[in-house]
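Visitor: just the structure for this:
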Amino acid sequence: MNDDSGRKRRPASYLRYGLLALAAFLVLSLGFALIPRESPAPATPPFSEQARAAALAETLDLRTVSQQLAVGSSGARRQLFSHTVTLLTTQARALLLPGATAGSAGQSGTKGPSATASSGAAPSGTATLPALVSALSKSGKARLLHAEKADGGMARLLAAVGTAQLLQATTLAQAAGTPPPALQAPPATQRNAATACSVATPSGSSTGSEDGAPSGKGGQATPTADPAGSATLAAALDRVVRTEVETVYGYQVALTRLDGAAADQAAALLATHETLVGQAEAYTRVQCVSVPPREPGYTLGTSFLQKPAAGLASLEAGTLPVYGDLVALSDGETRRWAVSSLVAAAQRTMRWGSDPGPVPGIVLDTALLPELPEPAAPSPSHSDGDAAATSAP
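Guide: Residues are numbered from 1 along each chain as shown. So this is what the prediction gives:
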């Protein structure tokens, strides 16, 4: 009798245990489902985006300092600081992504490649001219350094922004009576640039001439032509060579019409451009592309002959977009040479009394740039009354 009753109780016990186990399972599964998953770490932005965001943030900081100095100055200095504000405003608009605000674009979730070397702009109320000169110089050099590694179009923009900031730092240093910032020296790459262009032969060996001019025999690379208007490194180098040769001709003509200090400056810069022609031709040979032939002469307008100094300024300004293209289409050693050449070309443009603009090397239509958002108005105090409670647009 006892055995039968025990057998009857066991199924009920098993059922209770099963129900308890099922309830525990449901509770645990619901608990796990309600625990939120950890959100994945945001992907690291590409270097070019980091460099852009860092450039925008520092440019906006420099603009704020320049505005403070402009408000507290008068006369020629106020005009100089106002010009700096205009320059930095245009640069910030060029660096701003369409549809983004200045604050969000400058703080894209990453410190950027130059976070450890901030512009050093002075905080509100303590802005000084020497501090602005130092901050502009640091920012300009950082932009040029990042331009060596960024992607094509962004590299050109960074190089343009860095060049203009360095030149403006020099202008402000002259006004302050302090030594101008040291500009980037051209890389000593002429010997390396003359290395022979080479291609692999069917046997797998590499061939080329020692002077960098392929002979076109025995399986060696034969120089080829590249359309002058194409967006390639070879075409960009071709344009640099042709532009520099034309500039040399312009200097030779201008020297016969200049005298005094202007003639001395032209003679020195003529030698510089003759060197640049040789360097550009050497870099062209590295690409296994034919060096364009030198024209016997060029047509110069009457205004050039009448005002040779202004004509040379125009020629120098004409080299800026050519070097800007080369920055965008090159990399490595060639880009470093292009960046330093862009800076030097902008300097020469200023030496002849012309303004290279806020982004030297880029033909910019400011009407197409996004506008910087207006700063938010401060919250009015309660004591100001209802009349002061309106907010700025």
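
Visitor: all the helices of the stretch 51-200 of the chain, in order from the start?
Guide: Counting by DSSP state H, counting those that start in this stretch, one finds helices in the stretch 51-200 of the chain at the ranges 75-95, 102-106, 129-147, 152-176, 190-193.

Visitor: same thing with the stretch 251-393 of the chain?
Guide: Using DSSP H, counting those that start in this stretch, the helices found in the stretch 251-393 of the chain span residues 260-286, 302-306, 308-329, 332-351.

Visitor: still on that earlier bit, of the helices of the stretch 51-200 of the chain, which is nearest residue 374?
Guide: Of all these, it is helix 102-106 that lies closest to residue 374, at 10.0 Å by C-beta to C-beta. Quick note: C-beta positions are derived from backbone N, CA and C, even for glycine.

Visitor: show the average pLDDT along the closest one.
Guide: Summarised as a single mean, pLDDT over helix 102-106 is 51.

Visitor: could you find the closest non-adjacent residue to residue 129?
Guide: Here the nearest residue to residue 129 in space, its sequence neighbours aside, is residue 176; by C-beta to C-beta, 6 or more residues apart in numbering that works out to 4.7 Å.

Visitor: the one you found contacts residue 134, correct?
Guide: No - using C-beta atoms under 8 Å as the test, residue 176 is too far from residue 134 to be in contact (10.5 Å).

Visitor: contacting residues around the residue nearest to residue 129?
Guide: 129-130, 133 (C-beta atoms under 8 Å, 6 or more residues apart in numbering).

Visitor: by neighbours, which of these wins?
Guide: residue 133 (23 neighbours; other C-beta atoms under 10 Å).

Visitor: wait, what's in contact with it?
Guide: Counted by C-beta under 8 Å, 6+ apart, residue 133 has contacts 169, 172-173, 176, 178, 181.

Visitor: how does it look with 7 Å?
Guide: 169, 172-173, 176, 178 (C-beta atoms under 7 Å, 6 or more residues apart in numbering).

Visitor: repeat that for residue 84.
Guide: Counting by C-beta under 7 Å, 6+ apart, residue 84 makes contact with 66, 168, 172.

Visitor: cool, residue 66 as well?
Guide: By C-beta under 7 Å, 6+ apart, residue 66 lies in contact with 81, 84-85, 88, 132.

Visitor: got the domain boundaries for the protein?
Guide: Annotated domains of the chain cover 47-176, 225-365 [automatic domain parsing].

Visitor: would you single out the least confident of these?
Guide: domain 47-176 (a mean of 86).

Visitor: quote the end-to-end distance of that domain.
Guide: Domain 47-176 has an end-to-end distance of 36 Å (C-alpha to C-alpha, to the nearest Å).

Visitor: can you point out the buried residues in stretch 286-305?
Guide: If you call a residue buried by 16 or more other C-beta atoms under 10 Å, then stretch 286-305 has these buried ones: 286-289, 291-292, 300, 304.

Visitor: distance to residue 21 for those - can I get that in CSV?
Guide: Converted to CSV, those look like this (distance: C-beta to C-beta, whole Å):
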residue, distance to residue 21
286, 76
287, 75
288, 77
289, 78
291, 85
292, 86
300, 97
304, 97
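
Visitor: closest one to residue 372 among the domains of the chain?
Guide: domain 47-176 (5.4 Å).

Visitor: separation between the closest residue to residue 149 other than its chain neighbours and residue 162?
Guide: In this structure, residue 149 finds its nearest non-sequential neighbour in residue 47, 6.0 Å apart by C-beta to C-beta, 6+ apart. Distance from residue 47 to residue 162, counting by C-beta to C-beta, to the nearest Å: 16 Å.

Visitor: burial count for the residue lying closest to residue 70 once chain neighbours are set aside?
Guide: Excluding the flanking residues, the one nearest residue 70 by C-beta to C-beta, 6+ apart is residue 81, at 3.8 Å. Residue 81 has 24 neighbours, counted by other C-beta under 10 Å.

Visitor: shouldn't residue 81 be in contact with residue 68?
Guide: No - using C-beta atoms under 7 Å, residue 81 makes no contact with residue 68, being 8.7 Å away.

Visitor: what about residue 306, neighbour count?
Guide: Neighbourhood size, residue 306 [other C-beta under 10 Å]: 10.

Visitor: got the contact list for it?
Guide: Residue 306 makes contact with no residue, according to C-beta under 7 Å, 6+ apart.

Visitor: can you tell me the closest non-neighbouring residue to residue 267?
Guide: residue 255 (6.3 Å).

Visitor: is it true that the one you found touches residue 262?
Guide: No - using C-beta under 7 Å, residue 255 is not in contact with residue 262, being 9.5 Å away.

Visitor: joint contacts of the two?
Guide: By C-beta under 7 Å, 6+ apart, no residue touches both residue 255 and residue 262.

Visitor: sorry, back to before: in the buried residues of stretch 286-305, find the pair that's most separated.
Guide: Distances among the buried residues of stretch 286-305 were taken as C-beta to C-beta; the most separated pair is 288 and 304, at 36.0 Å.

Visitor: coming back round to it: quick one: the residue nearest to residue 267 and residue 263, what's the gap?
Guide: 6 Å.

Visitor: likewise residue 78?
Guide: For residue 78, the distance to residue 263 equals 36 Å [C-beta to C-beta].

Visitor: what of residue 136?
Guide: 33 Å.

Visitor: do the same with residue 243
Guide: 23 Å.

Visitor: more neighbours: those two, which one.
Guide: residue 243 (22 against 15).
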